[in-house]
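Chemist: Quick check, what structure comes out for this input:
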Amino acid sequence: MFQASNHSSVTEFILLGFSSDPTSNRILFIIFLLFYLCSILGNGLIIILICLDSHLHTPMYFFLSILSLMDIGNVTTTVPQMLVHLISSSKAISFEGCWLQMCAFGVLGLSECIFFVVMAYDRYVAICFPLHYTLILNWDLCVQLVVGTWTCGFFFSLIHTVFTMRLPYCGPNMINHYLCEGPSIRSLACMDTHLIEMVDFVLSIFMLLVPLSLILASYFGITLAILKIKSTQGRLKAFSTCASHITVVTLYYAPAIYIYTRPNSGHSPERGKQVTLFYNVFTALLNPVVYSLRNKDIKAAFIKVIMRNRVD
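Modeler: Here you go, the predicted model:
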């Protein structure tokens, strides 16, 4: 299978994007540029606030800063190139560039998918074992969890990328997408990809449903712990610490499951682009909003920085 790649004659791909109309593309360029800048600003601000405020130097906010870093990487992997293609007459991407984008997008996407489990575990320990929180989630374990997440994301993304890019491409090179994405590229291969599609389908289910099952298990334990709290105020306070994470997980997993747990026979290119855009761009834009609006500590840190600058 891998030797067939020696017969590939395609040296570049054409990303068709969303529209061929120049006027529509200019409008989309402005919209996506604003989305991108807001995503970078929002996630960057969260990282800066967590670094500057010593009260936020806890495992929970350390994990939040890592999530913001992943979101910045996620949109930066795809959006700048998309913006260039929207205003350029050329929509080409080299074979190597496509390979690199697919791998980077996969690493960040899969790492974020797994990282939500880490964040759910953080909430589980905080609510179920509050007196032992810092003892269980010590800094060594936090760093190990982050490194383990990135390692798993890199490993599984590399498998996915190699399976796809080592196929022989000797015919059409137009990808009906705004990025180099597995199912869209495999449809251009000049060989039967049924077996590879099945392997990728099983891998996608494993990488999405297993982490989601662990998250649901964590929240089952959290729910049981919250129900044991006698005061209504105490229950609401405990639940509020999880609300942001639940919202972000829902925004990320719902479109990802729609895209990657369906057989390729049910794959709609136009719908796929729209849903991919949502969990690639819009979740990175919404995550800082969700955490900022529901988090008093983030608000307090922001006000503290503003007041400090005014005094200076």
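
Chemist: How many neighbouring residues does Val162 have?
Modeler: 14 (other C-beta atoms under 10 Å). Glycine gets a C-beta too; all of them are placed from N, C-alpha and C.

Chemist: Return the distance of it relative to Asp122.
Modeler: 33 Å (C-beta to C-beta, to the nearest Å).

Chemist: Packing partners of the strand or helix carrying Leu41?
Modeler: Using DSSP states H and E, Leu41 maps to helix 22-52. Counting contacts by 3 or more C-beta pairs under 8 Å, 6 or more residues apart in numbering; DSSP states H and E, helix 22-52 is packed against helix 59-87, helix 283-293, helix 296-311.

Chemist: Mean pLDDT lowest where, among those helices?
Modeler: The weakest mean pLDDT among these belongs to helix 296-311, with a mean of 73.

Chemist: Not counting that helix itself, show me its contacts.
Modeler: Contacts to helix 296-311, defined as C-beta atoms under 8 Å, 6 or more residues apart in numbering, come from residues 45-46, 49-50, 52-53, 55-56, 61, 291-292.

Chemist: Quick check on those: which are buried?
Modeler: Buried members of the contacts of helix 296-311, counted by 16 or more other C-beta atoms under 10 Å: 45-46, 49-50, 53, 56, 61, 291-292.

Chemist: what's the closest of these to Tyr133?
Modeler: Tyr61 (13.1 Å; C-beta to C-beta).

Chemist: To what extent is the nearest residue to Gly272 once chain neighbours are set aside buried, counted in neighbours?
Modeler: Once flanking residues are discounted, Gly272 sits nearest to Ile259: 6.2 Å by C-beta to C-beta, 6 or more residues apart in numbering. Per other C-beta under 10 Å, the neighbour tally for Ile259 reads 19.

Chemist: thought Ile259 was touching Val275?
Modeler: Yes - using C-beta atoms under 8 Å, Ile259 is in contact with Val275, at 5.4 Å.

Chemist: Roughly how far does the residue nearest to the spatial centre of the chain sit from Glu12?
Modeler: Centroid check for the chain by C-alpha atoms, centre = their mean gives Gly109 as the closest residue, at 4.0 Å. In this view, Gly109 and Glu12 are 24 Å apart by C-beta to C-beta.

Chemist: Is Gly17 in a helix, a strand, or coil?
Modeler: coil (DSSP: H, G, I helix; E, B strand; the rest coil).

Chemist: now the residue nearest to it when sequence neighbours are not counted, what's its secondary structure?
Modeler: Using C-beta to C-beta, 6+ apart and skipping residues adjacent in sequence, the residue nearest Gly17 is Tyr178, 4.8 Å away. Assigned with three-state DSSP, Tyr178 falls in the coil class.

Chemist: quick one, what contacts Tyr178?
Modeler: 15-18, 78, 82, 85, 273, 276-277.

Chemist: again, only this time at 10 Å
Modeler: Residues near Tyr178 by C-beta atoms under 10 Å, 6 or more residues apart in numbering: 15-18, 28, 32, 78-79, 81-82, 85-86, 91, 184, 273, 276-277, 280-281.
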